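Participant: when you get a sec, could you give me coordinates for this:
(one chain, ligands or ions: 2)
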Amino acid sequence: MKKILVLGSCGQIGTELVLTLREKFGNQQVVAADLRDVCPDNLANGPYIKLDALDRESVRTYIIGEQITEVYLLAALLSATAEKNPDFAWRLNMEGLFTILDLAKEGHIQKIFWPSSIAVFGPTTPRVNTPQYTVMEPSTVYGISKQAGERWCEYYFNKFGVDVRSIRYPGLISYKSLPGGGTTDYAVDIFYKAKAGEQFNCFLKEDSALPMMFMDDAIRATIELMEAPKEQVKIRSSYNLSAISFTPKQLAEAIKVEIPSFDIVYNPDFRQAIADSWPASIDDSEARANWNWKERYDLNKMVKIMLENVDLSLLKN
Ligand code: NAD
Ligand code: SER
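Facilitator: Ligands and ions are numbered 1, 2, ... in the order given. Predicted structure coming up:
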């Protein structure tokens, strides 16, 4: 029987991933783990432990002792936060991965999910419909760590048969928890201001197109990839994955259809340079061909759901 550990479970992806995995495989089969001493209320329907991804010995002891079969490793610093603390970002984003890859190499874990990002691409990458295989010269510490992580995942698969699976997530948009310090966070923050009836001060330019995805699609893609038969998973670095691409202006226009009084101003900061180095849209034909990926949410559908569901009280926690 599966016993799953989601390490980094209290963040934007982890919160929703844990709940969906528990619905699918049973509450007791999915352990949430993060740095917090106490389990947050929204993950209280199953087991929670405090576990530091950088504490190699504690992670090893827990995984071996509890006979964990699958690990989703989500603990990381995202692009904007990582630029403020590059040394620590490199350490967190790489060391945790080696601990989990080594456990799988030794036969303690059967399957790993490790997320990569559109940040693996850089300013020399073709920006439109970015191919799976292309020039990759990331210019952020976050992108460098994700690219290196991808190489190590593929290496552990080729050399040691480690069943590691990965997606290059685009910017993810959700309402159940707040985003954790990325360049695409504006596309979540905007909904809180729109719902509060306030002007939104956007940290990217109005024409800055980036690939994005509604969280339900991202969670479904993650579980579909993890449940796909091994022989269908032909890419062991990380899959390009795509759903919607839009600019801040296009997102604001879609919000104005629902809230005509909504107002946005643009004051680009250091995150603009990061956005400029990333793709505007992604070619994910390999994911579609290998494991039948298809998105379900377009821009207008996502906007309606976000405006209905964003909860302003989350900002107070
Ligand atoms: P997040 O910042 O919202 O959540 C990360 C979680 O990890 C937090 O709950 C944090 O407390 C926890 N964490 C940090 N350090 C830890 C440690 N040492 N030990 C245990 N837990 C620790 O991030 P997220 O958006 O949920 O992203 C999860 C993963 O997905 C990351 O690898 C990120 O790079 C990747 N990703 C996210 C996006 C996105 O748009 N959200 C896009 C591409 C890739
Ligand atoms: N959403 C993430 C970020 O902006 C992309 O990996 O950092």
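
Participant: ok now stretch 132-139, how far from the chain's centre?
Facilitator: Put simply, stretch 132-139 sits 19 Å off its chain's centre (C-alpha atoms, centre = their mean, to the nearest Å).

Participant: how about it: buried residues?
Facilitator: Judged by neighbour count (16 or more other C-beta atoms under 10 Å), stretch 132-139 contains these buried residues: 132, 136, 138-139. Backbone N, C-alpha and C define where each C-beta goes, glycine included.

Participant: pLDDT weak spots in this structure?
Facilitator: Low-confidence segments of the chain (pLDDT under 70): 317.

Participant: please repeat the previous calculation with a cut-off of 90.
Facilitator: 1, 316-317 (pLDDT under 90).

Participant: ok so, going back, can you pick out the most distant pair from the buried residues of stretch 132-139?
Facilitator: Taking C-beta to C-beta, the two most distant members of these are 132 and 139; they sit 20.2 Å apart.

Participant: among the buried residues of stretch 132-139, which one lies nearest to residue 75?
Facilitator: Closest to residue 75 out of the buried residues of stretch 132-139 is residue 138 (19.8 Å), distances taken as C-beta to C-beta.

Participant: close to ligand 1: what parts of the stretch 101-250 of the chain are there?
Facilitator: Within the stretch 101-250 of the chain, the residues that sit near ligand 1 (C-beta under 6 Å from any ligand atom) are 115, 117, 169, 171-172, 179-182, 184.

Participant: what's the spacing between the residue lying closest to residue 269 once chain neighbours are set aside and ligand 2?
Facilitator: Once flanking residues are discounted, residue 269 sits nearest to residue 203: 4.8 Å by C-beta to C-beta, 6 or more residues apart in numbering. Distance, residue 203 to ligand 2, by C-beta to the nearest ligand atom, to the nearest Å: 11 Å.

Participant: contacting residues for the residue of the chain found nearest ligand 2?
Facilitator: Using C-beta to the nearest ligand atom, residue 182 is the residue of the chain that sits closest to ligand 2, at 2.5 Å. Counting by C-beta atoms under 8 Å, 6 or more residues apart in numbering, residue 182 touches 78-81, 171.

Participant: before we move on, back to that, sitting in strands, which of the residues of the stretch 101-250 of the chain next to ligand 1 do you find?
Facilitator: Among these, the members found in strands (DSSP state E) are 117, 169, 171-172.

Participant: tell me the most packed of those, by neighbour count.
Facilitator: For these, the largest neighbour count, defined by other C-beta atoms under 10 Å, is 30 neighbours, found at residue 117.

Participant: which residues does it form beta bridges with?
Facilitator: Bridge pairing for residue 117 (DSSP bridges) gives the partners residue 169.

Participant: surely it meets residue 142?
Facilitator: Yes - look at residue 117 against residue 142 with C-beta atoms under 8 Å: they come within range, at 7.1 Å.

Participant: got any residues that touch both of the two?
Facilitator: residue 79.
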